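Visitor: dropping a prediction and its sequence here:
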Amino acid sequence: MNSWLSPRILIAFAFAFVGAVFAGQMGGPAERILVVFVSMLIALFVAANPDDHDDALSDVLNASADNTQQMPALSSHPQLQSFIDASADAILMVENARVTAANQVALRLLGGNIVGQNVRMAFRHAGAIERLSDPDANHSGHPIRLTGIGQKNQLWDMRIQTMGPSQKIVFLADRSGTQAAEKMRVDFVANASHELLTPLAAIKGFIETLDDPAAGDDAATRSRFLGIMATETNRMQALVRDLMSLSRIEAEKYDPPQTPVDFASIIMETVDHLRNSQKDRGADIAVDVTSDLPPVMGDAGQLRQLASNILNNSMKYGHAGTPVSVSLTPSKSGAMINFAVTDVGDGIAPEHLPRLTERFYRVDSGRSRLVGGTGLGLSLVKHIVDRHRGHLEIRSILGKGTTVSILLPVAHS
């Protein structure tokens, strides 16, 4: 027989075709590539192994002759384990409702002794057992969302593909990260709505009060209420501005800046502006900038926002009349510039430090609103630093104060 039409080649094409169909039903490009890769490796191995004539291929020929034999078990293929172990997702082979092979990810997830077990013992999940316990069921490969495999709150997409009589291949992809990202999005929308509605409610209440002739005709009351309304309006304006900045920075996070920027000049401009606009605390700023610093590769507008946010935070949360120390120095290697701002204040407890760059996270909500914070300042700083391929570190000692340090790469000469 022509070698290109041999049963071995036909089986290889069958494996490749099934893999392509399965991949076409997956949502993510990485998953499609993985499935095609695994199925093609299996197909190539089957096509290139002539020794299979005496066992697997003879079974296929006999099955074709009298239709009484089943297709040879894919799980018995000698190189299957190395193929499925290459996957970052959990992969299992199931035959007659029994696990016949599993990669290392699946063994870590479900247990090291699942091979050979019935699917009821291997999975211990009603949804998975229901779909895998019937050996004759046909599966389309569409994802099935499962919760509780592994850890209680883990979310998985299970895909099942029929590979032969009573044989199935099962893919389990962890979707917990997607769920966490969706929760962050929902929380962000809820927090942003709350932060906008709070000043709006105050403004609406004062407008209704001023509409009363008794209050509206009193000059002192009118002046006080209008001042509060102006403050709340400024809060909303700052929040909307920060939300727009955050959205723009997130959209550009994969596009690192390519323009050399004199960061030392930006720091000095920011310090001068704060000294002139906030004369009480502005006079407390002490600057130590190394001369002849090289430029950084950056976005000038975002770096101004970064410097302003950090300095404003230190001035707000440091004690009145205490120094706000600003330094700009080269790193030890000379490949980066270190920007550090230190205040003298109450400090931050260690359990809060990892969450300071989360959107709307506040150590003390009441004090933050009192000093006019939007809850997005450090989140914006973190996004700007990440876009500039830098590093942000926050160190704090309770009762002494906080230091925020940022390393930014210097521009290539």
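Guide: Nice, thanks for sending it over.
Visitor: low pLDDT regions in the stretch 151-300 of the chain?
Guide: Applying pLDDT under 70 to the stretch 151-300 of the chain picks out residues 151-153, 177-190, 215-216.
Visitor: can you tell me how far the residue lying closest to residue 347 once chain neighbours are set aside is from residue 312?
Guide: Excluding the flanking residues, the one nearest residue 347 by C-beta to C-beta, 6 or more residues apart in numbering is residue 398, at 4.2 Å. (Each C-beta comes from the backbone N, C-alpha and C, glycine too.) Remark: distance between residue 398 and residue 312 (C-beta to C-beta, to the nearest Å) = 22 Å.
Visitor: one step back: looking at it, the residue nearest to residue 347 is touching residue 349, isn't it?
Guide: Yes. Taking C-beta atoms under 8 Å as the definition, residue 398 is a contact partner of residue 349 at 6.1 Å.
Visitor: domain map for the chain?
Guide: For the chain, automatic domain parsing gives the domain ranges 3-174, 177-251, 256-413.
Visitor: can you put these in a markdown table and add mean neighbour count?
Guide: A markdown table is the format used below for these (neighbours: other C-beta atoms under 10 Å):
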| stretch | mean neighbour count |
| --- | --- |
| domain 3-174 | 17 |
| domain 177-251 | 14 |
| domain 256-413 | 17 |
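Visitor: show me the contacts for the residue nearest to residue 347.
Guide: Counting by C-beta atoms under 8 Å, 6 or more residues apart in numbering, residue 398 touches 346-349.
Visitor: phi first, then psi, for it.
Guide: phi -60, psi 130 (degrees, to the nearest 10).
Visitor: please report the distance of it from residue 351.
Guide: Counting by C-beta to C-beta, the gap from residue 398 to residue 351 is 11 Å.
Visitor: run through the strands of this structure in chain order.
Guide: Remark: strands assigned in the chain by DSSP state E are 90-95, 98-102, 144-147, 155-164, 167-174, 260-261, 285-289, 296-297, 324-330, 336-342, 391-397, 401-409.
Visitor: and the third one, C-alpha only, in CSV?
Guide: It stands for strand 144-147. The C-alpha trace of strand 144-147 is given here as CSV (Å, rounded to 0.1, in the frame of the first residue of the first chain):
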residue,chain,number,x,y,z
ILE,A,144,-18.4,24.1,31.3
ARG,A,145,-17.9,26.4,34.3
LEU,A,146,-17.2,24.6,37.6
THR,A,147,-16.6,26.1,41.0
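Visitor: partner strands of that strand, with direction?
Guide: Its sheet considered, strand 144-147 pairs with strand 155-164 (antiparallel) by DSSP bridges.
Visitor: cool, the first one as well?
Guide: In the sheet, strand 90-95 lines up against strand 98-102 (antiparallel), strand 167-174 (antiparallel) (DSSP bridges).
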